[in-house]
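Engineer: My questions concern the predicted model and sequence given below.
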Amino acid sequence: MVFEDVTFFDADFTDAVFAGAVRFEKAGFRESASFLRSRFAGPVTFEDTRFCGRVSFENAKFETDVSFFRGFPDLVSFEGAEFAGETGFGSLRFDGRAVFRGAKFHGAARFAEARFLDCADFHGADFTTAETFGPVTAEQLIFGRATFRRRMLVDAEAPVMDCAETRFEEGVTLRLGARSAVALQRTFFGKASTVMGTASVTSVEGTDVADVVFTDIDLANCRFTGAHHLDKLRLEGDCTFGSYRNRQVLAEEHVWRSDRSAPVGPRRIADLYRQLRKAQEDSKNEPGAADFYYGEMEMRRHSPATPWSERFILYLYWLISGYGLRALRALATLAVLIAVVSTSIWLGGFKTTPAFGDTLIYVAQSTVSLDTKLATLPKELTPLGEVLRLVMRVLGPLLLGLTLLAVRNRVKR
C-alpha cells in the first residue's frame, strides 16, 4: 500500500490494520494525525513525509521494520507502542515533546544524530535487543524505569537526564556531553558500568555503585546519601567535587553548613566520607583520600553523637595540625610553642639569666632531642626549666611528625 503525494487533513487511522507493506511517500499531514492502536503487519516507511501538527502512534504495533525520514514539528507520541523489528529515527529533529513512555523495542532502535529540542520521554520503555542509543541531543532526556536488557552504549547530551530506577541489566557505558547532568537514583547496574564525559552526576541515592566507574565527572552537586557500596566506587580521570576552604567536599556537607537542621547531619556525612576515602585509597589516590579524611574528621567533630571527650581531642587535633593534613598549621604551632617556651625558660628556667638568643637555640635543640653545646648557657635548670624542657622534648617531635605526615599525605600517589 502506497500513499504517494497524498495530503491528509486531521488524518484518523485509529484501530486501522495495515496487512502488508506501507509507504507514506511524500505524503503530507496538514493538521493532526492519529494512528492510535493501529497495527502494521508489514514494513512501514515514512519517506519524506511531512507532519505539520500533533502525531499519535499510541499503542500502535509495528510487526516488522519502520523508518521515519523527516522530523516532527509538534508533539509526537509513541506511548505504549510496540516495535517488533528495526526502528529508524536517525538524524530526525523533534521540535516538540517526543513521548515513548512504555514503548517496547524488540529490535534495534536507531536514534543516531537525533535532535530533541524539547523533552524525549522514554519512561518505562523496554529495549530488548538494542545495544546502542545515540548519539542524541535533547533538552530533557527521561529514562526513568526504562529497562535495557543488553549491554548498552548510551551517547547523549542533555542538561536534564533522568535515569531514576532505570535497569541496565548487562551494564552500560554512559557517554555524556559537556552540558549534561544525569540523576542516577536507585539505578540498577547489572554488570560493570562506566559513566564518562565532562558532565555532572546529580545523585546516586539508593544505587549500588559497586561495579561503577566515574571518569571525568563533575560530582560537586551529587547526593551520595543512601548509595550502596560507596567504598567500591571507582573515580578515574578528573572527577571533581565541591570546594570549601581549599578542600573537596560533598554536596551534603555544603547543605548542612548552610542549614544545620538539614535532614542529613554530620554523623551520616562522616559515614559517606569514610566510604569514599576507602575508595580513593584503594585507587591509590592518597591526596583525594586526604580530603575525605579531613571531611570525616570535621563531621565527627561537629556531630552531637560524638562524646565530648572525643570532640575535645578532635578539636585540638584540628587546631594544631588540621588533622595531620595541614603542614603550615603544624609548623606555626611549633613556632609559637618554641617562642613561648623560650621566653618562659629565659625568664625563669635557669638559675642565672642567659642571653635570649642562646635560650632560643637551646629550646630549638631540645625540640629535636639534641643536647646543647653552648658554653654561655648556665648548666643548671630550675624545676620550671626542667618541666618546660620535658614539654619540648615531647611536643616538639610530635609537631614535627605531624608536619611530615601532612606533607606525605599531599604528595603521595
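Structural biologist: Received the coordinates, thanks.
Engineer: Farthest from the middle of this structure: give me that residue.
Structural biologist: Here the chain reaches farthest from its C-alpha mean at Thr352, the gap being 65.2 Å by Cα atoms, centre = their mean.
Engineer: For it, pull up the helix or strand it's in.
Structural biologist: In this assignment (DSSP states H and E), Thr352 forms part of neither any helix nor any strand.
Engineer: Show the pLDDT at it.
Structural biologist: Among the per-residue scores, Thr352 shows a pLDDT of 73.
Engineer: And it, how far from Arg97?
Structural biologist: Distance, Thr352 to Arg97, using Cβ to Cβ, to the nearest Å: 92 Å. No exception for glycine: its C-beta is placed from N, CA and C like everyone else's.
Engineer: which residues of this structure fall in helices?
Structural biologist: Using DSSP state H, the helices found in the chain span residues 251-258, 266-282, 286-302, 308-321, 327-348, 356-367, 383-411.
Engineer: what's the distance between the residue farthest from the centre of the chain and Asp126?
Structural biologist: 92 Å.
Engineer: next one: Ala120
Structural biologist: 16 Å.
Engineer: ok, those two, which is more surrounded?
Structural biologist: Taking other Cβ atoms under 10 Å, Ala120 and Asp126 do not tie; Ala120 has more neighbours (25 against 18).
Engineer: neighbours around Met1, how many?
Structural biologist: 11.
Engineer: isn't Phe148 right next to Phe127, touching?
Structural biologist: Yes. Here Phe148 reaches Phe127: they are 4.8 Å apart, a contact under Cβ atoms under 8 Å.
Engineer: what's Val55 in contact with, if anything?
Structural biologist: When contacts are counted by Cβ atoms under 8 Å, 6 or more residues apart in numbering, Val55 touches 29, 32-35, 72, 74-77.
Engineer: Of the residues you listed, which belong to strands?
Structural biologist: 29, 33-34, 76-77 (DSSP state E).
Engineer: Out of the residues you listed, which is nearest to Gly42?
Structural biologist: Checking those against Gly42 by Cβ to Cβ gives Ala33 as the nearest, at 19.5 Å.
Engineer: per-residue pLDDT, the residue lying closest to Ala11 once chain neighbours are set aside?
Structural biologist: Using Cβ to Cβ, 6 or more residues apart in numbering and skipping residues adjacent in sequence, the residue nearest Ala11 is Ala33, 4.5 Å away. Note on Ala33: pLDDT of 94.
Engineer: Just give me the neighbour total for Ala33.
Structural biologist: 25.
Engineer: From Leu381, how far out is the residue farthest from the centre of the chain?
Structural biologist: From Thr352 to Leu381 the distance is 11 Å (Cβ to Cβ).
Engineer: same question, Thr367
Structural biologist: Where Leu381 is concerned, Thr367 sits at a distance of 16 Å (Cβ to Cβ).
Engineer: With Leu398 instead?
Structural biologist: Counting by Cβ to Cβ, the gap from Leu398 to Leu381 is 22 Å.
Engineer: how near is Ala237 to Ser193?
Structural biologist: Residue 237: Gly, not Ala. 16 Å.
Engineer: and what of Phe46?
Structural biologist: In terms of Cβ to Cβ, Phe46 sits 35 Å off from Ser193.
Engineer: same thing with Phe29?
Structural biologist: Counting by Cβ to Cβ, the gap from Phe29 to Ser193 is 41 Å.
Engineer: returning to that earlier point: could you dump the ones in strands among the contacts of Val55 to TSV with distance to Asp271?
Structural biologist: Below are the ones in strands among the contacts of Val55 laid out as TSV (distance: Cβ to Cβ, whole Å):
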residue	distance to Asp271
Phe29	57
Ala33	55
Ser34	54
Val76	46
Ser77	44
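Engineer: out of those, which are buried?
Structural biologist: The neighbour-count test (16 or more other Cβ atoms under 10 Å) marks 29, 33-34, 76-77 as buried among the ones in strands among the contacts of Val55.
Engineer: quick one: contacts of the longest strand along the chain?
Structural biologist: When the chain is parsed with DSSP E, its longest strand is strand 132-142. Strand 132-142 is contacted by residues 109, 111-123, 127, 152-162, 175, 177 when judged by Cβ under 8 Å, 6+ apart.
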